[in-house]
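J.: Output the structure for:
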Amino acid sequence: MDEDRVRKQEALIKSILYRNLMEDYTPFPLDKKLAVKWANGMNIPKGGRVILYTSYMYQMASVFKSYEKYVPTLGSLGKSRILASIGSRLIKPKDEDIDRSVRILQNVYRMVSRVKADVGYLYEDEPYSGSLLYELGFLDEFKEYGKKVLGFFRDRGVEEIITVDPHTTNTLTNLKKYINFDIPFHSYLSIIGTVKGKGKFVMHDSCLYSRFLDMYDTIRDKMKSAGVDLVEDPTVTGKGVGFCCGGPVGPLNADLSDSIAKARAASLKSVYEDVLVACPLCYVNLEPYCSIKDIAEVIE
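T.: Predicted structure coming up:
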């Protein structure tokens with residue numbers, strides 16, 4: 001992909017992302033009935049003082065992975081609500097991806113509920129965090145959208161947020177720095193109590209959790225106490241030496257993203273055949289190249 005095409009792609013992505021987020025709190029047309037399917041039958045309060053915040057990451061990870069090929073379609077949708085509705089039906093994850101996200105998020109909610117009572121969920125009102133704006137370097141747009149998200153949570157009386165993925169956790173961390181996002185938030189992995197798990201894995205660390213959110217040891221301690229066996233190699237899984245899954249560059253260059261994923265999967269498989277992740281985007285990027293599970297699939 002030449003530089004001119006990259007710049008045009010970047011400008012188009014920024015325009016689409018910012019417009020959709022400011023209008024609808026979502027980066028592209030989503031079928032929200034699918035996105036909230038995990039909460040069906042769980043008797044979860046709508047809203048409340050403390051909420052579990054999914055930011056659609058597990059539900060829509062495979063769509064985020066494919067974002068590049070959808071950009072021209074999304075650009076053509078414009079502001080038409082009818083066309084946006086069509087887009088929400090065309091641009092959606094596979095059934096097996098949704099079913100997997102349902103199992104993961106239900107398990108996360110159950111683990112969180114054991115340590116915090118009356119945790120709510122915003123269902124179809126939930127806003128996307130804005131991670132893509134930040135990670136693609138659209139900082140002015142990120143700050144403006146962040147103010148909108150903060151106002152949204154304040155208007156609904158949210159006083160504490162529990163996140164389920166590293167991208168959302170890192171986004172709120174940066175909103176705290178840039179716009180004084182003052183609602184306390186925590187990763188579910190940092191607050192859940194005693195859990196049980198099983199299996200033997202090599203850990204692929206989320207760059208965000210390990211390098212920027214200081215959760216490298218937290219995650220390992222939690223896995224080991226749960227009974228999950230982690231195989232380590234300091235040259236592959238050591239703190240600060242593991243490298244990215246390739247996911248963040250996907251919207252701009254899918255080929256580069258895939259080449260990074262292949263290289264990372266090969267390095268992990270040199271340590272052990274089964275890989276463990278704590279990020280939905282890491283999962284979808286590495287899954288074609290290795291046997292892989294999410295943390296919330298092996299602990300409960």
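J.: And the lengthiest helix in the chain, what does it pack against?
T.: Identified as the longest helix of the chain according to DSSP state H is helix 3-24. If you count contacts as 3 or more CB pairs under 8 Å, 6 or more residues apart in numbering; DSSP states H and E, helix 3-24 packs onto helix 67-77, helix 131-135, helix 139-155. In this view, the C-beta of every residue, glycine as well, is placed from N, C-alpha and C.
J.: List the buried residues of that helix.
T.: Along helix 3-24, these residues count as buried under the neighbour rule (16 or more other CB atoms under 10 Å): 9, 13, 14, 16, 17, 18, 19, 20, 21, 24.
J.: Of those residues, which pair is most distant in space?
T.: With CB to CB as the measure, no two of those lie farther apart than 9 and 24, at 22.1 Å.
J.: residue ranges for the helices of the stretch 201-300 of the chain, please.
T.: 207, 216-226, 254-269, 280-286 (DSSP state H, counting those that start in this stretch).
J.: For the first one, the averaged confidence score.
T.: So the one you mean is helix 207. Averaging pLDDT along helix 207 gives 93.
J.: just how off-centre is that helix within its chain?
T.: From the chain centre to the centre of helix 207 is a distance of 13 Å (CA atoms, centre = their mean, to the nearest Å).
J.: what residues does that helix touch?
T.: The list of residues contacting helix 207 from outside it, by CB atoms under 8 Å, 6 or more residues apart in numbering, reads 166, 242, 243, 244.
J.: which among the residues you listed end up buried?
T.: Neighbour counting by 16+ other CB under 10 Å classes 166, 242, 244 among these as buried.
J.: Okay, and which of the residues you listed map to strands?
T.: Here DSSP state E is the test, and the buried ones among the contacts of helix 207 give no hits in strands at all.
J.: Which of the residues you listed scores worst on pLDDT?
T.: Here the lowest pLDDT out of those sits on residue 242, with 83.
J.: Correct me if wrong: it contacts residue 210.
T.: Yes. Contact criterion CB atoms under 8 Å: residue 242 and residue 210 qualify, at 6.9 Å.
J.: Nearest spatial neighbour of residue 36, chain-adjacent residues omitted?
T.: residue 123 (4.9 Å; CB to CB, 6 or more residues apart in numbering).
J.: burial count for that neighbour?
T.: Using other CB atoms under 10 Å, residue 123 has 14 other residues around it.
J.: ok, now which ones touch it?
T.: By CB under 8 Å, 6+ apart, the contact set of residue 123 is 36, 39, 46.
J.: In helices, which of these appear?
T.: Among the contacts of residue 123, no member is found in helices (DSSP H).
J.: buried set for the helix or strand containing residue 108?
T.: Using DSSP states H and E, residue 108 sits in helix 95-113. Across helix 95-113, burial judged by 16+ other CB under 10 Å covers 97-98, 100-102, 104-109, 111-112.
J.: And those residues, which is closest to residue 185?
T.: Nearest member of the buried residues of helix 95-113 to residue 185, counting by CB to CB, is residue 112, at 12.9 Å.
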